[in-house]
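Colleague: Whatever this is, show me its structure:
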Amino acid sequence: MYEQPMQIGFATSVTDFHLRYLAQMGATAVVTSLPGHKAGEVWPFEEMLAQRQRVENYGLQLMVYEGIPVTDRIKLGQEGREQDLDNFCQSLANMGRAGIPILCYNWMVHYNWIRTSFHTPARGGAVVTSYRHADFERGGPTGLGQVPEELLWDTLEYFLKRVVPVAEAEGVKLAMHPCDPPLSPVRGIGRIMTSPENFQRLLDLADSPVNGLTYCQGCFTEMGCD
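Modeller: Predicted coordinates:
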């Protein structure tokens, strides 16, 4: 069984201010992205390597990219997905060669994480984000029309067959993030990473130690998990 000590890390921009702050707090790991690149483009090895080395200059480790975008053309099986898959695999290979070991990604189409308020009062006067499904549904169907969940399962299986061998070869672990919020459908668009059973189905699609999940406590709690 793969075992590694838990690290304390933060999702942050890789600036001197943020890296110094993390080091002062006693964090050891960084979760970040590579700015300046559109979905479907190749993330260059040289920029990844330089970013990792900048993080290490503060005594930290760049452990996770969140993450190389999976385009809707891949998720929906549309024309152009083969080029997008080639570019994704090249980015993944560059990530492995640059020494960045974990990629957090998701299978949400059209919308990423969704909120209907960013100023909801919470305990002690705190302000938090929130989501009211009935409010969001008032927007009606999107231009994509109905997107069935089984289509997303089919395209996910296709994706894993292409990507998992590359991840294995380059030493990168794939970590699927839950849909946020874990509801389906959203304005006609199916979402599949919404339950523990569906995450088990994901793991069963590719029996590999690199095919894993992002344990987002908030999302799994919303699924009803203890």
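Colleague: Show me where this structure has its strands.
Modeller: 9-11, 29-32, 61-66, 102-105, 117-121, 127-130, 173-176, 211-213 (DSSP state E).
Colleague: mind checking which of those strands is nearest T142?
Modeller: strand 117-121 (20.6 Å; C-beta to C-beta). All C-beta spots, glycine's among them, are computed from the backbone N, C-alpha and C.
Colleague: Can you name the residues in contact with the closest one?
Modeller: 127-132 (C-beta atoms under 8 Å, 6 or more residues apart in numbering).
Colleague: if we go to 6 Å?
Modeller: 127-130 (C-beta atoms under 6 Å, 6 or more residues apart in numbering).
Colleague: per-residue confidence at the most centrally placed residue in the chain?
Modeller: Most central in the chain under C-alpha atoms, centre = their mean is Y105, positioned 2.4 Å from the mean C-alpha point. Predicted confidence (pLDDT) at Y105: the value is 98.
Colleague: Now do the closest residue to it other than its chain neighbours: how many residues are near it, please.
Modeller: Nearest-residue entry for Y105: G67, 4.7 Å, with adjacent residues in sequence omitted and distances by C-beta to C-beta, 6 or more residues apart in numbering. Using other C-beta atoms under 10 Å, the number of residues around G67 comes to 22.
Colleague: So that it lines up with my notes, have the first residue be 310 from now on.
Modeller: Got it, the first residue is 310 from now on, which makes the last one we talked about G376.
Colleague: List the residues that contact G376.
Modeller: 412-414.
Colleague: Now do it against W416, distance only.
Modeller: G376 sits 12 Å away from W416, going by C-beta to C-beta, to the nearest Å.
Colleague: again with F319
Modeller: From F319 to W416 the distance is 25 Å (C-beta to C-beta).
Colleague: ok, those two, which is more surrounded?
Modeller: More crowded of F319 and W416, by other C-beta under 10 Å: W416, with 22 against 16.
Colleague: And the top helix by length along the chain, what's buried?
Modeller: Taking DSSP state H as the criterion, the chain has its longest helix at helix 458-479. By neighbour count on 16 or more other C-beta atoms under 10 Å, the buried set for helix 458-479 is 460-462, 464-465, 468-469, 472-473, 475-477, 479.
Colleague: likewise stretch 506-523?
Modeller: So for stretch 506-523, counting by 16+ other C-beta under 10 Å, buried means 507-508, 511, 514-515, 519-523.
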